[in-house]
Each structure stands twice: as C-alpha cells, then as structure tokens.
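S.K.: sequence and computational prediction follow.
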Amino acid sequence: MTTLLEESLHDGDRNARPTRPRRTRVRGEDRGAIGSEARTDRVVRFAAGLGLWAGLLLITYWWTEDGGIQDLGSWPSGLTSVGRLSGLFAAQFLLVQVLLMARLPALENAFGRVRLARMHRWIGLLSFWLMIMHLVTIITGYSSARWSLVPATSWQLVTGYGGMLLATAGVVCLIMVVATSIRAARRRMRYESWHLLHLYGYLGAGLALPHQLWTGQEFLSRPAATAYWWGLWLAAALSLIIWRIVLPVWRGLRYRLRVESVGVEEPGVVSVTMVGHHLDRLPIRAGQFLYVRFLHAPGWTRANPFSLSAAPDGRSLRITAKVVGDGTARISALRPGTPVLFEGPYGRLSSRARTRPKVLLAGAGIGITPMRALAEGLSYRAGDVTLVQRYAAEPLFDSEFDRLSVDRGLRVVKLPGRRSHPSSVLGPTSRGMDELAALRWLMPGIADHDVFLCGPTEWMRGMSRLAAACGVSAERIHVESFDW
C-alpha cells in the first residue's frame, strides 16, 4: 500500500515527463542573466540602509555642534536637548516611513511590498514613540522640570509658536493611525475602513513637520541643515505626488484598461480578464500584483490588491480572487467593458528575485494565483521548476497546470486535504512522516532552489522554516502576503 506522500511524489514524476517540451522566452527574463537583477537589488538595499544611518549620524553631529551634549548638564536644559534630538529623529523616521510607501520603483524592486510594509510598520512605531518622547521632554524642559507648570507651558507652546497648532492636529492624526494599526484593532475593522483611516497618516505627517521648518533650532542654525530638511521633506512630498498620483493617472489614461470577461474558477473564486491599449509596453511581470479599482459601483475609490494569475502576454491581464470582503465581492458583478484604474505593478515575487536555475513554487489556497503566473512566465528547462499546490477541497487551475506540465515540463506536486493540526504545512500528505523529511522526499536537492511562497501567513511561515531547515538561505526564500 502506498502512502499519500508516495502518491504525490509519483504524480509529480509523471508530470515531469512532458511530451515535446518547449521553451518560452518571456519579456524581462533571460536564463543567462539569472541573478543579475537580484545583485543590483542587494546594492540598492545596502545604499538605502547606508543613507538612513548617514542621515541619523548627520543629525546627531549637528545636534552636538549646537551644544546638545553640554546642555545635558542640568535637568531643564537636558530635557530640552533630549527633546530636540528625539524630535529630529522622529521627523527623519516619519519622512522615511512616507518614502517607503511612496511606491518608489527602486525600493519596490529591491525590497518588495512585504518587506517594505514590515519596515513601514516598525519605523512608524519608532517614529511615533520618539515623537511622544519629544513632546514630553520639550514641555517638561520648558516648564523648568516643574510638573505644576506643565499645563500652562503646553498652552503657551501650542498658541504662541509658529506651526504648533498644525503640529497638534498632526499628532492627533498620527495617534489615530497608530491606534487603528494595532493588531487587535485591525481584526475588528474591514480592510476598506482601515485603509481609509490609514491615509490620515499622510495628513498627520504634513501637519506635524512645518513647525520644525519654521521654528526648529537645528533647522535654522546653519544653511546645510536647512537644505537637508527642506530636501528630505520635498523628496517625500514629490515622491507621493509622482508615484502615488501622477503615474497611476497617466498609466490609466495611456493603457485604458477595461474588463473583457469574468469567469468563475470554482464557487467563491472569480477570474477577471482585462484588455487595453499598448499593454506590451506596461512593465509588468508574472508574479506581480496590481492595486485595482473597478469603476462600476459605489466603493470604486478604494483599491484592492490582486495578483496576476496568468503571465502577461502584451494583450491582456488576468487576475483571480477569492470572494472574502466587500472589495472582492464586487468583482463577481462586473460586466464586460467596465473601466479599470490601477496602480502598479508591484511585488518582488517575480523573475527579478530569482538567483538559481531551479525553482520551487509553493502556494496554498488562493495563494496559488501568482504561482500559476510564474509557472507560465519563468524561463526554464523541463524539470527545473516544481510547483507544490496545497489545497483543502479542489485544486485551482488544475487543467492549466496539466497543460503547463506537458508544454513546459513543469513538475506538479499536489498536497490535498485539510490540516491534521494547526501547525501542519504539507497536510495529510505527510501523515506518518516528519514534515521536514517529507519535504526532502518531495523535493530532492531543494537547497539549490529559489523558493517562492504565497498563501496564508502561518502557512508561509511554516513553509519558510521547513525550507530553511533543508538548507535554503533566507535571501532565496521569497514571499508575497496581502495581510494588513
């Protein structure tokens, strides 16, 4: 009697024997250049980190030159000095946080949306608590370290200093954003509501910073500091305007995307095919995603992220989504001809991150969507790419994967069934066998693969741990997540 693991392995072996496999040349990838873009992105990541630390060191140097250390000699002046430095750090982190979410192509390519979102969250929290520290120490220092004078001093600062009323309003906006970003709060909110409230973070940044530009001692003390802060502030503002507003509008007018057809893949899962003008010039790759607005009903102003479920062919784009919320529920009612606005493409789950000829594509549930596009879009020889599909009931794109297996030599391994326990990664397929051993059985030589993952967060964490335990380095494990 064969185990489910052996049956899955035999299925994969059968799929690895294609008839007349053919190679497909995909725009944006050349087998001879595998890894070159990944090396470029490493340089960009290093330069971005170096720039951040250089800015912090420069701020600290100016603070020191302005007597910041000498002022630490007494409580009132020391608190004020600490308040100035924490305020400067808070301002820098706040502007960096804005730049991280400005959709700058260099950062998007180098870090990817998942890593940028994680950095945005942690830097935002750091900036927020530095801002609170700035408020407390400045007010206490100006109050001569006497708590009885704090209320009067606070009122005097807010009403008597340029930009402080705006800064107070900005702080309120930022507090609201941080409060609604706490995981417990997010669980009680719809994505659309959370996203709308989160936009107030930009308003908060815009209102909180002018008081620094008008009255801040470090800003006014020397021309170099003035140029630095104005330059950083303008870079953040222009990045938002260009990459979040101007570029999406321009691309919408140029490509004139519209719905061509809507199809049901299975109950609760819908695919939308879109066509437009000059799509062969859109710089999009298999595995990436778009923020999409369908202009057909109330709620069109809120964009939702959708991964491509087929490799772009220059004529059409296909996305596939599971109906789970208001945004995805609306796509079931789409009609052909519906205009589409989009932002993107985004995401590093593409050939750009690839460093090895051999690739493991693993998806769970609706997370198989970008893997379907990658299986078609990547350039590879027969047997070099293995697709692992984890599902509970019926597999998505079953006939399409069969066709790719025959045409391209894609090796397909299916892992069906519900999880036997919450931490299960491979599901019932590994029954009676340690999951690490099971993965090694399914994927001989996995340590020499790039691993691309998409699916529920806990599943991706478990799969990442298994891949790492099999010898895959962290920089060759690539994930895509739409958690918010």
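M.R.: Nice, I can see it. Keep in mind the model is a prediction, meaning the values are calculated, not measured.

S.K.: residue ranges for the strands of the protein, please.
M.R.: Secondary structure of the chain (DSSP state E): strands located at 258-266, 269-275, 289-294, 304-307, 316-322, 340-346, 359-364, 385-390, 411-415, 450-454, 477-480.

S.K.: of these, which approaches residue 180 most closely?
M.R.: The stretch from these with the least distance to residue 180 (C-beta to C-beta) is strand 304-307; that distance is 18.5 Å. All C-beta atoms are positioned from the backbone trio N, CA, C, and that covers glycine.

S.K.: partners of that closest one in the sheet?
M.R.: Paired neighbours of strand 304-307 in the sheet (DSSP bridges): strand 289-294 (antiparallel).

S.K.: for the strand it pairs with, list the C-alpha coordinates in CSV.
M.R.: Taking C-alpha atoms only, strand 289-294 is exported to CSV below (Å, rounded to 0.1, in the frame of the first residue of the first chain):
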residue,chain,number,x,y,z
PHE,A,289,0.2,42.4,-8.5
LEU,A,290,-1.8,45.5,-9.1
TYR,A,291,-4.0,47.7,-6.9
VAL,A,292,-7.2,47.8,-8.9
ARG,A,293,-10.3,50.0,-8.9
PHE,A,294,-13.3,48.8,-11.0
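
S.K.: hmm, who's touching that strand?
M.R.: When contacts are defined by C-beta atoms under 8 Å, 6 or more residues apart in numbering, strand 289-294 is touched by residues 113, 259, 284, 300-308, 317, 319, 330-331, 334, 338-347, 370, 480, 482.

S.K.: could you identify the buried members of those residues?
M.R.: 113, 259, 284, 300, 302-308, 317, 319, 330-331, 334, 338, 340-347, 370, 480, 482 (16 or more other C-beta atoms under 10 Å).

S.K.: mean pLDDT and distance to residue 105 added to the strands of the chain, as TSV?
M.R.: Putting those into TSV (pLDDT from 0 to 100; distance: least, C-beta to C-beta, whole Å) gives the following:
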stretch	mean pLDDT	distance to residue 105
strand 258-266	91	25
strand 269-275	94	22
strand 289-294	91	15
strand 304-307	88	17
strand 316-322	93	19
strand 340-346	91	10
strand 359-364	94	24
strand 385-390	94	27
strand 411-415	93	33
strand 450-454	95	21
strand 477-480	90	18
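
S.K.: quick one: which of these is nearest residue 52?
M.R.: Judging those by C-beta to C-beta, what sits closest to residue 52 is strand 340-346, at 21.7 Å.

S.K.: pLDDT of the helix ranked longest in the chain, averaged?
M.R.: The single longest helix within the chain, with elements called by DSSP state H, is helix 105-142. Per-region confidence: helix 105-142 scores 88 on mean pLDDT.

S.K.: which other helices and strands does that helix contact?
M.R.: Contact analysis of helix 105-142 by 3 or more C-beta pairs under 8 Å, 6 or more residues apart in numbering; DSSP states H and E lists helix 36-65, helix 75-100, helix 150-160, helix 164-181, strand 477-480 as its packing neighbours.

S.K.: comparing the ones you listed, which comes out most buried?
M.R.: Between the helices and strands packed on helix 105-142, strand 477-480 has the highest mean count of neighbours, a mean of 23, where neighbours are mean count of other C-beta atoms under 10 Å.

S.K.: ok, and what's touching that strand?
M.R.: For strand 477-480, contacts defined as C-beta under 8 Å, 6+ apart pick out 112-114, 287, 289, 307, 347-349, 353, 367, 370, 450-454, 460, 464, 467-468.

S.K.: rewinding a little: of the helices and strands packed on helix 105-142, which is nearest residue 295?
M.R.: strand 477-480 (26.2 Å).

S.K.: mind listing the strands the closest one pairs with, and their directions?
M.R.: Taking DSSP bridges as the criterion, strand 477-480 forms sheet pairs with strand 450-454 (parallel).

S.K.: contacts for the strand it pairs with, please.
M.R.: Strand 450-454 is touched from outside by 287, 307, 349, 353-356, 358-364, 367-371, 374, 460, 463-464, 467, 472, 476-481, with contacts defined as C-beta under 8 Å, 6+ apart.

S.K.: need the buried ones from the residues you listed selected in ChimeraX.
M.R.: Buried members of the contacts of strand 450-454, identified by 16+ other C-beta under 10 Å, are gathered into one ChimeraX selection as follows:
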select :287,307,349,353,354,355,356,358,359,360,361,362,363,364,367,368,369,370,371,374,460,463,464,467,472,476,477,478,479,480,481
